[in-house]
Each structure stands twice: as structure tokens, then as C-alpha cells.
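**Q** Predicted model and sequence follow; I will ask about them next.
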Amino acid sequence: MVAGAIAGGLVGNEVQKKHDQPIAGQQIIVRMSNGVLVSVTQPVNPALRQGQRVYIEGNGNSARVVPQ
């Protein structure tokens, strides 16, 4: 039983290390058609470039900027 607890602790520690890895992100500021600026932080999307027309999908913490 003790060996199982130790093995479980070691496996759990390795799983936790994998989930704690940082994810590359980018902050995107979008100027809406009415002039309002909206800032969205999301994982890097190489399909986005400055000046491109975009959509903002979702809202709050689930908002994402995607190409139009």
C-alpha cells in the first residue's frame, strides 16, 4: 500500500508539471467600427496580422479574435 501511495504521488506530480507549462499568448487590441477599443488576450494565432479585419467571438473570458 505504501509503494502504491508513493508511485501515485510521483505520477500525480508529473501530470501536474505538464499542466503548469505556460502557453504562448498575445494581447490583441481591436478598434470597433464605432471607435471603441477592445482588448483580448488569447493563445497565439499566426493567422492574425495588423490591420486585418477580424471578428470577436464569444464574450468575457471566452472571447477570441478570429480573421474575418
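**A** That came in fine, so what should we check first?
**Q** all helices in the protein, in order from the N-terminus.
**A** Using DSSP state H, the helices of the chain run over 2-19.
**Q** now it, which segments are flagged as low pLDDT?
**A** Across the chain, the ranges flagged by pLDDT under 70 are 1-20.
**Q** try 90
**A** In the predicted model of the chain, residues 1-24, 61 satisfy pLDDT under 90.
**Q** those strands in it, which residues are they?
**A** Remark: strands assigned in the chain by DSSP state E are 25-31, 37-43, 54-57, 64-67.
**Q** got a list of what A24 touches?
**A** A24 makes contact with P43, V44, according to CB atoms under 8 Å, 6 or more residues apart in numbering. Placement of C-beta: from N, CA and C, glycine included.
**Q** Highest mean neighbour count out of the strands of the chain?
**A** Most buried of those, by mean neighbour count (mean count of other CB atoms under 10 Å): strand 64-67, with a mean of 15.
**Q** What strands line up against that strand, and which way round?
**A** Strand 64-67 has the following sheet partners, assigned by DSSP bridges: strand 54-57 (antiparallel).
**Q** now the partner strand, how far from the chain's geometric center?
**A** 15 Å (CA atoms, centre = their mean, to the nearest Å).
**Q** Same check on stretch 29-47?
**A** Distance of stretch 29-47 from its chain centroid, counting by CA atoms, centre = their mean, is 14 Å.
**Q** That one: end-to-end distance?
**A** Stretch 29-47 has an end-to-end distance of 15 Å (CA to CA, to the nearest Å).
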